[in-house]
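> predicted model, plus sequence, below.
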Amino acid sequence: MVNRLSQFMHAPSELHWQAVKWLLRYLKGIVCHGLFLREGQLLSLRVYTDSDWGGSATAGRSTIAFLAFLGANLISWKSSRQKSISRSSTEAEYQALANAAAEVL
């Protein structure tokens, strides 16, 4: 939701402003939530990546994303447009993987 809203930050409408207020109220309501780690739980680190090669019809740039889990808990995520245009779907996937690896390190 944050990624989607940020695409309109230079020319927001009233609908976007309402969505931002909803998002802020939601975040305020969950500020006390945290990670729940159980004793004996397997804490393996798993990272998933994906890309949408050339998914933006206007810019021609790919959207890349990753999710990082520690056990069953989501600990990090990111979705963004690539800064450059990928020449292939393989290059877009590689860039998504490189971003995820940098975040894990």
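Okay, I see it. Numbering: from 1, shown residues only.
> which residues does the residue lying closest to residue 44 once chain neighbours are set aside contact?
Nearest non-adjacent residue to residue 44, counting by C-beta to C-beta, 6 or more residues apart in numbering: residue 71, 6.7 Å away. Backbone N, C-alpha and C define where each C-beta goes, glycine included. When contacts are counted by C-beta atoms under 8 Å, 6 or more residues apart in numbering, residue 71 touches 37, 41-44.
> cool, and residue 75?
If a contact means C-beta under 8 Å, 6+ apart, then residue 75 has 35, 68-69 as its contacts.
> now residue 69
Contacts were defined as C-beta under 8 Å, 6+ apart; by that measure residue 69 touches 45-48, 75.
> how close does the residue lying closest to residue 68 once chain neighbours are set aside get to residue 99?
Beyond its immediate neighbours in the sequence, the residue positioned closest to residue 68 (C-beta to C-beta, 6+ apart) is residue 76, lying 4.2 Å away. According to C-beta to C-beta, to the nearest Å, residue 76 and residue 99 sit 11 Å apart.
> more neighbours: which of those two?
Taking neighbours as other C-beta atoms under 10 Å, residue 76 and residue 99 compare with residue 99 leading, 18 against 13.
> which strand or helix spans the more buried one?
Element membership for residue 99 (DSSP states H and E) is helix 89-104.
> domain ranges for this protein?
Segmentation of the chain into domains, based on automatic domain parsing, reads 1-31, 43-105.
> where in this structure is the helix or strand with the lowest mean pLDDT?
Within the chain, no helix or strand scores below helix 2-6, which has a mean of 73 by mean pLDDT, DSSP states H and E.
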